[in-house]
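Peer 1: here's my sequence, what's the structure:
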Amino acid sequence: MTTAVFPVQDASTSLNEEHKVSILELAWLLNDLSSTIRSLGDGINDCIRLLSPDQPGSTLVLSSNRSEALKGFVLRVGQDIVKADIHIKLSSLNKGQVVNVALTDGKSYKLAQLADCHNFLTVCLRVASGMEFIEPAIVLTQLRKLLSNIRYAHLSVRNVSPAFQFPYVAIEPSFFTPEWPDNVALDLTVSESGVIADVRTLQFIDGQQQQQQQQQQQQSSASSISSRSFRSSAPSFFRMGSSKSVVPMVGQGGSVSSRFPSSSTTTTIPTAAIGNDNTTASSSNRLRRVSSNLSTTSSVNSNVSAISTSSTASWFSGFLNRRKPQDASNLFQYKGQPVKSLERITVQSFDPGLMALTSKLNVLELNIGQALRKLEIAMNWK
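Peer 2: Down below sits the predicted model:
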């Protein structure tokens, strides 16, 4: 019955049939991918439209948490900030008084991350519209290019690159009215579907101050290393904070021993046993040994106390004279000059338009990745 329904075939015939079936399946997959990529092209157009300047803008409120350090709002239209009104109140700026700045009329600040996202999406749209689903190898290459550009576009609005942050990029003071001082740096970046305002107050450092700070760092590091090396190399009875410190005693034969306390050597002299010369000789020898032990013990005790006192004094003096090291992450090279960041306030405001853009990019990346995987599997079968 089974052989009548499924007749036995030789190996070459089976391979030919499998090859025909794989070719037909690959042709069906290419036809299906053409409609899929067409719909993905519409999604890419929607993402580009969200970044176009003809769309309604998003007014984003900037408000620091539980403080008046940063207040205001910015208006984003497409890839640009076209309006901004910011109030800054920091202790290192204008003697703690509020500084009000607004974006100059007729000027706009372009968000470089959104510009990069728009460029990547334009490349994706060009690749999707020019795909011809005839040769599978060419389609596979174009799908990989499409997926990489979609990932780059998604990454540009999800994470902030250091190239778009302080100290490499900062808004010029001439963009605002009135112009803020040169010791203020403002960054406007995009991260996780939101616009981030980052304000810093700076202190410019000349060459002499920078050299003094470097010397202070070296001195503080040297003092900390010396104190650590002393505590690690000192014996256990010299270290501070030891709850089981033992003072060594010198026993018989001049050897150091901590088993016998000093009081036992002074109370074991038998005074009533002196009767004959031998007893007297042995007693005198014992007296000489006891006196030598007592003198040696007292000298050891004095040395130990002197060493421990000197080490304690040196440790406390090093601790009291230790300077607070400068934080290397707080020093920057800004506009060709070394600067130090005094204060910093960062506020993020979520943008509904960017949230929609991020969700669409996530779906596009998922669908293109699935299409690419299907084609790779089908081509391996061929």
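Peer 1: please count neighbours and contacts with C-alpha atoms only from this point.
Peer 2: Will do.
Peer 1: any stretches of the stretch 101-250 of the chain with poor pLDDT?
Peer 2: Applying pLDDT under 70 to the stretch 101-250 of the chain flags the ranges 207-250.
Peer 1: could you redo the last one with a cut-off of 90?
Peer 2: By pLDDT under 90, the weakly predicted segments of the stretch 101-250 of the chain are 105-106, 130, 132-135, 159-174, 179-183, 192-193, 204-250.
Peer 1: helices along that one, start to end?
Peer 2: Under the criterion DSSP state H, counting those that start in this stretch, the stretch 101-250 of the chain contains helices at 112-129, 136-158, 207-233.
Peer 1: local confidence estimate at Glu25?
Peer 2: Here the pLDDT value assigned to Glu25 is 86.
Peer 1: now the residue nearest to Asn100 when sequence neighbours are not counted: how far from Val199?
Peer 2: Counting by Cα to Cα, 6 or more residues apart in numbering, His87 is the residue found nearest to Asn100 once chain neighbours are left out, at 4.6 Å. Distance of His87 to Val199, given as Cα to Cα, to the nearest Å: 11 Å.
Peer 1: ok, those two, which is more surrounded?
Peer 2: Counted by other Cα atoms under 10 Å, His87 and Val199 do not tie: Val199 has more neighbours, with 22 against 17.
Peer 1: re the thing from before, can you verify my assumption that the residue nearest to Asn100 contacts Val99?
Peer 2: Yes: using Cα atoms under 8 Å, His87 is in contact with Val99, at 5.6 Å.
Peer 1: got any residues that touch both of those two?
Peer 2: Listed contacts common to His87 and Val99 are nil; contacts here mean Cα atoms under 8 Å, 6 or more residues apart in numbering.
Peer 1: who's Leu103 bridged to?
Peer 2: Beta-bridge pairing of Leu103 under DSSP bridges involves Phe176.
Peer 1: counting neighbours, what do you get for it?
Peer 2: Leu103: 22 neighbours (other Cα under 10 Å).
Peer 1: how near is it to Leu62?
Peer 2: Note on Leu103: its distance to Leu62, by Cα to Cα, is 15 Å.
Peer 1: report the buried residues of the helix or strand containing Thr13.
Peer 2: Using DSSP states H and E, Thr13 falls within helix 11-50. Buried residues in helix 11-50, counted by 16 or more other Cα atoms under 10 Å: 22-23, 25-27, 29-30, 33-34, 37, 40-41, 43-44, 46-48, 50.
Peer 1: show me what that helix is packed up against.
Peer 2: Contacts defined by 3 or more Cα pairs under 8 Å, 6 or more residues apart in numbering; DSSP states H and E place helix 11-50 against helix 112-129, helix 352-381.
Peer 1: next structured bit after it?
Peer 2: Using DSSP H and E, the helix or strand that directly follows helix 11-50 along the chain is strand 58-63.
Peer 1: for that following strand, which strands pair with it and how are they oriented?
Peer 2: strand 70-77 (antiparallel).
Peer 1: buried sites along the partner strand?
Peer 2: For strand 70-77, the neighbour count (16+ other Cα under 10 Å) marks Leu70, Lys71, Gly72, Phe73, Val74, Leu75, Arg76, Val77 as buried.
Peer 1: list of residues touching stretch 370-382?
Peer 2: Stretch 370-382 is contacted from outside by His19, Ser22, Ile23, Glu25, Leu26, Leu29, Leu33, Pro136, Leu140, Leu143, Arg144, using Cα under 8 Å, 6+ apart.
Peer 1: equivalent analysis for stretch 30-39, please.
Peer 2: With contacts defined as Cα under 8 Å, 6+ apart, stretch 30-39 is touched by Ala128, Ser129, Phe133, Ile134, Pro136, Ala371.
Peer 1: list the contacts for the closest residue to Ile150 other than its chain neighbours?
Peer 2: Spatially, and ignoring its direct neighbours in sequence, Ile150 is nearest to Glu365 (6.1 Å; Cα to Cα, 6+ apart). By Cα under 8 Å, 6+ apart, the contact list for Glu365 reads Leu147, Ile150, Arg151.
Peer 1: out of those residues, who has the most neighbours?
Peer 2: Ranking the contacts of Glu365 using other Cα under 10 Å puts Ile150 first, with 25 neighbours.
Peer 1: look up how far Lys20 lies from that one.
Peer 2: Distance check for Ile150 against Lys20: by Cα to Cα, it reads 35 Å.
Peer 1: all set now, cheers.
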